[in-house]
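*Asks:* Structure for this input, please:
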Amino acid sequence: MNSPTPEPEPDRERRESVAPSFAISPFCVDLRSKKLFFAAGPPQEIDDVLDASRHCWCRKTMQALGPDGEIVDPRDCRSGRSCFESIL
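*Replies:* Residues are numbered from 1 along each chain as shown. As a prediction, the model looks like this:
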């Protein structure tokens with residue numbers, strides 16, 4: 001017996017066709033800088049985070065030191081750091 005192939009749901013096809021595609025940021029969700037307030041999406045590179053001042057801070061501590069006592073920097077605020085939290 002061959003069972004008929006189910007028809008795809010029309011709503012599901014529409015959702016999949018209009019679903020936004022974006023890359024997940026490699027940086028901690030708590031990393032902040034002035035430049036990020038004007039970003040159109042999640043930062044992908046260090047230049048997406050830092051402006052000419054090169055200043056950034058942690059949203060949790062509101063300081064240039066993270067919860068782990070280390071300096072906040074986009075090169076360090078990534079997966080593997082004890083206080084890192086992904087954007088998802």
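
*Asks:* From the centroid of this structure, which residue is nearest?
*Replies:* Most central in the chain under CA atoms, centre = their mean is Ser25, positioned 3.4 Å from the mean C-alpha point.

*Asks:* which stretches of this structure form helices?
*Replies:* 10-18, 46-49 (DSSP state H).

*Asks:* among those helices, which gets the worst mean confidence?
*Replies:* Least confidently modelled of these is helix 10-18, at a mean of 51 by mean pLDDT.

*Asks:* Can you give me the distance of Ile87 to Pro26?
*Replies:* Between Ile87 and Pro26 the computed distance is 9 Å (CB to CB, to the nearest Å). No exception for glycine: its C-beta is placed from N, CA and C like everyone else's.

*Asks:* One more: Glu45?
*Replies:* Relative to Pro26, Glu45 is positioned 9 Å away (CB to CB).

*Asks:* ok, the two, which is more surrounded?
*Replies:* Pro26 (17 against 11; other CB atoms under 10 Å).
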